[in-house]
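Novice: Here's my sequence, what's the structure:
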Amino acid sequence: MFSHIVLSLLIWVPMLGGVLALASGGDSNADRARVIGLITAVVTLLLCVPMIVGFDTNTAQMQFREHLAWIPAYNINYDLGVDGISVTLITLTAFTTLAVIFSSWNTINTRVAQFMANFLIMQGLMIGVFAAMDSVLFYVFWEAMLIPMYLSIGIWGSDNRSYASIKFFLYTFLGSALMLAALLYMHNKTDSFSIIKFYSLKLTETQQNLIFLAFLFAFAVKVPMWPVHTWLPDAHTEAPAGGSVVLAALMLKMGVYGFLRFSLPITPDACRALDWLMIVLSLIAVVYVGLVAIAQTDMKKLIAYSSIAHMGFATLGCFLIFAIVKHTGSMPDAYMSLEGGMVQMVSHAFSSGAMFIGVGILYDRMQTRNIHDFGGVANRMPLLATFFMLFAMSNVGLPGTSGFVGEFMIILSGFKADFWVMFFAASTLILSAAYTLWMYKRVFFGKVESDDVARLTDIHGNEIIVFSLLAFATLFIGVYPEALLKLLHASIGNILVLAHYTKLLAV
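Specialist: Residues are numbered from 1 along each chain as shown. This next block holds a predicted model:
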């Protein structure tokens, strides 16, 4: 019986925990709110255990299905289910939220109950996005999730938080309007809002192209892809550390998840015809945005632009599959590219999330993120410097860390399709090393020349716990990626088959 409600529990337990945290009182009862947040986050992560243990990795069928009539008059259902892609991202969501609760324990001291409630409710909504099998339910979770993130930036952000929060909301909300139009159009064709039924829908070439472009704008804003990426550096810079972690580790992944769940299976012919567009946009993100990252002096902005470049690698892995099959006729190589894109998403969550937490710790102690204000931090904070070095190396793609696995898979498979595309894509190995190691050298090495740096104290307590958890995940995936690939393989294979099955409607 438990297996039939595990997805609902994963969605609603954190929301209930958020309500309890909100009702715990004002800042005079801040510790009570923190404890409620921690217990809820731990329980939610533990709920992922029976989902993973009971998940059958040998089938691509949606599992742990829950189906209830929600609005019968319009055939809208409370329909949940997961495949390997969803299980991975739901577990990542639960893990990341626990890290956010830990990292914010001592840094958030105003409106603590509201902060905990905000992130717990956001967790439930994000899990809902990854579990929804009804497109209207998906859209409700997709849009509702914007509200707590908007509040996170607008309430606990830095000086320019109002501008950043409004820009974030407008970009992401307007992008979703086209997606809603596409969902309503497909409902008129199928008389259903079921995502699975959309997979069997036959469409003309023009219809597929228009639906693909509608999805593209919605998901490209979320990734974000160039040129609709400008909201992200502002949002990251102004958001609190916890908000930056959720943005980097989870919200950006929703864009790529949308391509995997909607674009590739529903409009495969349009994806094949317009793959060149996705490859070009991805390469611009990898190369141009990587160059922009080198020019940054604000640590958060540098890591934000780094996130755009790394997510460009993930979208590149998703849309290289058509060129790979065309040039080599090898489906296993296409498997490797698509799986590499997923591994890249998971790895990026660990490395960028950890670096944002590290920057948040430094900002909390010195009230600045300007690289030029630091120097010699390793002399005062050797433990932070050690952890940060590991995550910086993962961001660069050092073998043995999770950052190497996804990039290696995409590059290895992509070179068989187009040398020059992968030549430019592989430049990320040089660019990411340039801006990441440059930042690390300027911040952590050298003499202590600032009195503020001289007064720094090293990380302790819950800060060590959260870095240890992220370090373990980074090294585990880097050394033994098979655990993740086994979970993904059947589901990625299904997406690959659907993406290569023509759904053109004869006119």
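Novice: contacting residues for I108?
Specialist: F115, W156, P240, G242 (CB atoms under 8 Å, 6 or more residues apart in numbering). The C-beta positions use only the backbone N, C-alpha and C, and glycine is treated the same way.
Novice: so who does the last one touch?
Specialist: Under the criterion of CB under 8 Å, 6+ apart, the contact partners of G242 comprise V100, S103, S104, I108, F115, F119, S152, W156, G360.
Novice: ok, now the second one?
Specialist: Contact partners of W156, counting by CB under 8 Å, 6+ apart, are I108, T110, R111, F115, A239, P240, G242, G243.
Novice: what ranges do the helices span in the stretch 401-507 of the chain?
Specialist: Secondary structure of the stretch 401-507 of the chain (DSSP state H, counting those that start in this stretch): helices at 402-414, 419-425, 427-444, 451-454, 462-479, 482-499.
Novice: any idea which of the ones you listed is most buried?
Specialist: helix 402-414 (a mean of 24; mean count of other CB atoms under 10 Å).
Novice: Next, the buried residues of the lengthiest strand in the chain.
Specialist: In the chain, with assignment by DSSP state E, the single longest strand is strand 63-71. By neighbour count with 16 or more other CB atoms under 10 Å, strand 63-71 contains the buried residues Q63, F64, E66, W70.
Novice: With distance to T457 and pLDDT as extra columns, can I get those in TSV?
Specialist: Output for the buried residues of strand 63-71, formatted as TSV (distance: CB to CB, whole Å; pLDDT from 0 to 100):
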residue	distance to T457	pLDDT
Q63	48	89
F64	46	90
E66	48	89
W70	52	89
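Novice: between those, which is closest to M381?
Specialist: F64 (43.5 Å; CB to CB).
Novice: Check whether the closest one really touches V6, as I assumed.
Specialist: Yes - with contact defined as CB atoms under 8 Å, F64 counts as touching V6 (5.7 Å).
Novice: tell me, what's touching these two both at once?
Specialist: Common neighbours of F64 and V6 (CB under 8 Å, 6+ apart) are M51.
Novice: May I ask you to confirm that L125 is in contact with M149?
Specialist: No - if you go by CB under 8 Å, L125 and M149 don't touch, sitting 9.5 Å apart.
Novice: So, low pLDDT: which residues of the chain?
Specialist: 1-3, 27, 449, 505-507 (pLDDT under 70).
Novice: what's the next secondary structure element after the longest helix anywhere in it?
Specialist: Ordering each helix of the chain by length in residues (DSSP state H) puts helix 331-366 first. With elements assigned by DSSP states H and E, the helix or strand that comes after helix 331-366 is helix 377-380.
Novice: buried sites along whichever helix or strand comes after that next one?
Specialist: Using DSSP H and E, the helix or strand that follows helix 377-380 in sequence is helix 382-396. By neighbour count on 16+ other CB under 10 Å, the buried set for helix 382-396 is L384, A385, F387, F388, L390, F391, A392, M393, S394, N395, V396.
Novice: which secondary structure elements does helix 382-396 contact?
Specialist: helix 331-366, helix 377-380, helix 402-414, helix 427-444, helix 462-479 (3 or more CB pairs under 8 Å, 6 or more residues apart in numbering; DSSP states H and E).
Novice: who touches that helix?
Specialist: Identification of contacts with helix 382-396 by CB under 8 Å, 6+ apart yields 306, 310, 347, 350-352, 354-355, 358, 361-362, 377-378, 401-404, 429, 432-433, 436-437, 439-440, 444, 458-459, 463-464, 467, 470-471, 474-475, 478.
Novice: if we go to 6 Å?
Specialist: Helix 382-396 is contacted from outside by 351, 354-355, 358, 378, 401-403, 432-433, 436, 440, 444, 458-459, 467, 471, 474, using CB atoms under 6 Å, 6 or more residues apart in numbering.
Novice: Compute the inter-axis angle for the host helix or strand of W142 and strand 63-71.
Specialist: Using DSSP H and E, W142 sits within helix 135-144. Per axes from the mean of the first three to the mean of the last three CA atoms, to 10 degrees, the angle that helix 135-144 makes with strand 63-71 is 90 degrees.
Novice: Remind me what helix 135-144 packs against, helices and strands.
Specialist: helix 112-131, helix 161-190 (3 or more CB pairs under 6 Å, 6 or more residues apart in numbering; DSSP states H and E).
Novice: Need the helices of the stretch 401-507 of the chain in a markdown table (columns: distance to D31).
Specialist: As requested, the helices of the stretch 401-507 of the chain are arranged in a markdown table below (distance: least, CB to CB, whole Å):
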| stretch | distance to D31 |
| --- | --- |
| helix 402-414 | 34 |
| helix 419-425 | 48 |
| helix 427-444 | 32 |
| helix 451-454 | 29 |
| helix 462-479 | 13 |
| helix 482-499 | 36 |
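Novice: one step back: ok, and the most crowded of the contacts of G242?
Specialist: V100 (32 neighbours; other CB atoms under 10 Å).
Novice: Tell me the spacing between that residue and S351.
Specialist: Distance from V100 to S351, counting by CB to CB, to the nearest Å: 16 Å.
Novice: Kindly report the same for S394.
Specialist: 4 Å.
Novice: What of L488?
Specialist: Following CB to CB, the distance that separates L488 from S351 is 19 Å.
Novice: so V228 sits in a strand?
Specialist: No - assigned with DSSP: H, G, I helix; E, B strand; the rest coil, V228 falls outside any strand and is coil.
Novice: That one and A293, how far apart?
Specialist: Relative to A293, and taking CB to CB, V228 is found at 18 Å.
Novice: neighbour-wise, which of the two wins?
Specialist: Taking other CB under 10 Å, V228 and A293 do not tie; A293 has more neighbours (25 against 19).
Novice: And the helices in the stretch 1-150 of the chain?
Specialist: Under the criterion DSSP H, counting those that start in this stretch, the stretch 1-150 of the chain contains helices at 6-22, 30-53, 84-103, 112-131, 135-144, 146-156.
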